[in-house]
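In: Dropping the sequence and predicted coords here.
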There are 2 protein chains.
Amino acid sequence: MARRRQSVTIKHVAADAGVSLQTVSRVINNEPNVRPAMKERVQESIDKLGYVPSIAAQRMSGSRSYIIMAINDRDLTIADWRAREGRDWIDQMLLGGMLTCAEHGYRMLIELVDTHNDHVERELGAAIAALQPDGIILTPPHSENPLITGLLAERGIPFARIGSKQGGLGIAMTMGDTHNARLATEHLIQLGHTRIGFIAGPEEFSLSNWRVDGWKSALEAAGLSAEGLCERGDFGFASGSIAAEKLLRTDDAPSAIIASSDQMALATLEVARGRGLQIPRDLSIVSFDNSPIVRFTQPPLTAIDQPIAETTSRAVELLIENASGKRPAEPISVPGKLIVRASTGKAPSANLSEPRTRSA
Amino acid sequence: MARRRQSVTIKHVAADAGVSLQTVSRVINNEPNVRPAMKERVQESIDKLGYVPSIAAQRMSGSRSYIIMAINDRDLTIADWRAREGRDWIDQMLLGGMLTCAEHGYRMLIELVDTHNDHVERELGAAIAALQPDGIILTPPHSENPLITGLLAERGIPFARIGSKQGGLGIAMTMGDTHNARLATEHLIQLGHTRIGFIAGPEEFSLSNWRVDGWKSALEAAGLSAEGLCERGDFGFASGSIAAEKLLRTDDAPSAIIASSDQMALATLEVARGRGLQIPRDLSIVSFDNSPIVRFTQPPLTAIDQPIAETTSRAVELLIENASGKRPAEPISVPGKLIVRASTGKAPSANLSEPRTRSA
DNA sequence: TCGCTCTTTGAGAACGTTATCAATTGAAGG
DNA sequence: CCTTCAATTGATAACGTTCTCAAAGAGCGA
């Protein structure tokens, strides 16, 4: 196998411009203390020869690797892919992350890591050693894993935790989950609903619980009860069916349900249909995520759009600033938006006269 | 900014095992001519110290970069992402590509490149110079772009063209588009349909035309006419609406429509509904791609599942074998499957008695 | 003009790995 | 036991970039 060599190197540029390697390097990296005339001359050679620095060599010499690694959970992700479950979390991360990386001359690389075994550290450690990324983006549930955050902090690699609370190691980025759930709940309250069910995500995801908090606080503010109205799922379709079934088979069933994921909302839709309920006449449904699917169901679902792309983009910016040694700006929490579609409507009139249905 | 150095290097391993660097390198790369005892001794040190080779350094020394680059069209992809159109092409590529890469110690990196401007070459050239990937996967419409394939061939970088015909530069991988379209058409013919419409993709995608070929050949084999039954779209929802409208507003409208993408199928569904047609009683619909969306429409759509993940996985394998100097196996064409759901049914009985409706 | 400081440029080492070629060891054949 | 050749190991030079530190130049006040 022939040894493939880089076609145009910094040497060629230096020779062409008649300067030293170091000067060319300075121009490439936009360092200060280069005379404008010199800078221009070097830049001309760079353009003329079509020179692009080798990332491998840059990394070798101890500077940046220009790689941001996004860590996703292997099991979860693959299960979704195989089943074509259609969560577009990864898609949206790519959108936000890749574009922002590209703007700064970085690349984003997705790495799948198993949460559910005991060698998370080893696996992640190997990925880091191999690629030496300048920054890492953690997504739930990894963002809450102290083994992982500890490892990264120890190695001094900047990282952002998406969907994770402020404080602690690394940069925390949230998507306003509490606020978003409150938004959805208030929307339903305004439509006259007094019994609003909630299908929560799994407990190991903090954001699951923040959403529950938001729902509860909105109910409390309106003087409504939450009792017996919360079931837990695992974000997947099957668990959503079970949860919806439980909520709907009670005597005093809710007239509206908020599901913590699109899949669980779809399941709720199916269960409701199976019980002969019309949406939204008999039951209003709000879903979380707003992935492509929910626009094409019958009826299209009202949903909370989680700003994954924007949050990832922001995380990338913070990491790059961090790596560049610039004083990074504060992390921001990007709140989601409520997208109202046809799956939510006025509450069945029977309940309208009596806002407080608390009975237990 | 402190110069971050690799924690455990090949030097440490060599010192620990009491051998030369080169021997360690040989063990890492599984080269022949290392005594088993020696190999074991070195491997022990590697495991003990948790050593992982630096990809940057490996690439520097002229060997592989362990990176496979997947090139996607920037405009198309971003538009889909922004609109949450829900094509899961990228998702499926990631599934197939990343897992296979991971198995071989490679990484897959997605790179977005603009087709629609004149500096495709420069953009791609820069990405190659920066990352020096061991292999490249091209997706439509890039896989048919002679500028790109020429560039890659010239630089001697192995590449696979997905959705592109055999012959020509690089490795061609197809997904049996002709066969798949024939499959869908035959399914409808068996259900008694005699006027089967087809919504094709844009002409610059060869696979669009292969699908048309498959549809036509199945019709011909059954003695049916294709005349006036093919419209073109651009894979997107809006274009699907227009095409479906055209097909359905004729006097002699088809009783079944095959759409070349899920989005166009969804549009057809909507147009049909708007015209008061019941699916599948009045109109059968088959879609191409089988992305997550189509399982949750009402009714769920019969669809051709394009084996994107499998094809990408296979492409990665071929590229890695190529890079390893092994004599690569032949590229294979992975045919798709027809997934029958509720959107296809028996043709309206009127047509059943007279299979040949040719009139023009 | 001299001497000082700050700016601009350059030379050479270093980064962690593999390629190349030389040196050593071991085995087989006479 | 010696020769011959292959198998195994090692030493050194790349690879393309940035870092460190030294040198040269420029500006400025006395």
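Out: Yep, it's here.
In: and residue A:208, what does it touch?
Out: By Cβ atoms under 8 Å, 6 or more residues apart in numbering or on different chains, residue A:208 lies in contact with A:200, A:201, A:202, A:232, A:260. In this view, the C-beta of every residue, glycine as well, is placed from N, C-alpha and C.
In: Give the residue spans of chain A that score low on pLDDT.
Out: Along chain A, segments meeting pLDDT under 70 span A:1-5, A:349-360.
In: For the closest residue to residue A:135 other than its chain neighbours, which three-state class applies?
Out: Nearest residue to residue A:135, sequence neighbours excluded (Cβ to Cβ, 6 or more residues apart in numbering or on different chains): residue A:319, at 3.1 Å. What DSSP: H, G, I helix; E, B strand; the rest coil gives for residue A:319 is helix.
In: returning to what we had before: I'd like the contacts of residue A:208 laid out as JSON lines, including neighbour count, secondary structure and distance to DNA strand D.
Out: Formatted as JSON lines, the contacts of residue A:208 follow (neighbours: other Cβ atoms under 10 Å in any protein chain shown; DSSP: H, G, I helix; E, B strand; the rest coil; distance: Cβ to the nearest atom of the strand, whole Å):
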{"residue": "A:200", "neighbour count": "23", "secondary structure": "strand", "distance to DNA strand D": "48"}
{"residue": "A:201", "neighbour count": "26", "secondary structure": "coil", "distance to DNA strand D": "43"}
{"residue": "A:202", "neighbour count": "16", "secondary structure": "coil", "distance to DNA strand D": "43"}
{"residue": "A:232", "neighbour count": "17", "secondary structure": "strand", "distance to DNA strand D": "50"}
{"residue": "A:260", "neighbour count": "30", "secondary structure": "coil", "distance to DNA strand D": "45"}
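In: what's the closest of those residues to chain B?
Out: In terms of Cβ to the nearest Cβ, no member of the contacts of residue A:208 lies closer to chain B than residue A:260, at 17.5 Å.
In: hey, where'd the strands end up in the stretch 201-350 of chain A?
Out: Ranges of strands within the stretch 201-350 of chain A are A:230-232, A:256-259, A:284-289, A:302-305, A:337-339, based on DSSP state E, counting those that start in this stretch.
In: Of all these, which one is nearest chain B?
Out: Closest approach to chain B among the strands of the stretch 201-350 of chain A is made by strand A:302-305 (8.9 Å; Cβ to the nearest Cβ).
In: so how far is the closest one from its chain's centroid?
Out: In terms of Cα atoms, centre = their mean, to the nearest Å, the centre of strand A:302-305 is found 15 Å from the chain centre.
In: Show me what that strand is packed against.
Out: Counting contacts by 3 or more Cβ pairs under 8 Å, 6 or more residues apart in numbering or on different chains; DSSP states H and E, strand A:302-305 packs against helix A:177-190, strand A:284-289, strand A:337-339.
In: and of those, who's closest to DNA strand D?
Out: Of all these, it is helix A:177-190 that lies closest to DNA strand D, at 39.3 Å by Cβ to the nearest atom of the strand.
In: what's the distance between the closest one and the middle of its chain?
Out: The answer for helix A:177-190 is 20 Å, by Cα atoms, centre = their mean.
In: Output that helix in CSV, but only the C-alpha positions, please.
Out: Below are the C-alpha coordinates for helix A:177-190, written out as CSV (Å, rounded to 0.1, in the frame of the first residue of the first chain):
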residue,chain,number,x,y,z
ASP,A,177,-38.5,21.6,30.6
THR,A,178,-40.3,22.8,33.7
HIS,A,179,-41.4,25.9,31.8
ASN,A,180,-42.4,23.9,28.7
ALA,A,181,-44.6,21.5,30.7
ARG,A,182,-46.2,24.4,32.5
LEU,A,183,-46.9,26.0,29.1
ALA,A,184,-48.6,22.8,27.8
THR,A,185,-50.6,22.5,31.0
GLU,A,186,-51.7,26.1,31.0
HIS,A,187,-52.8,25.8,27.4
LEU,A,188,-55.1,22.9,28.4
ILE,A,189,-56.4,24.8,31.5
GLN,A,190,-57.3,27.7,29.3
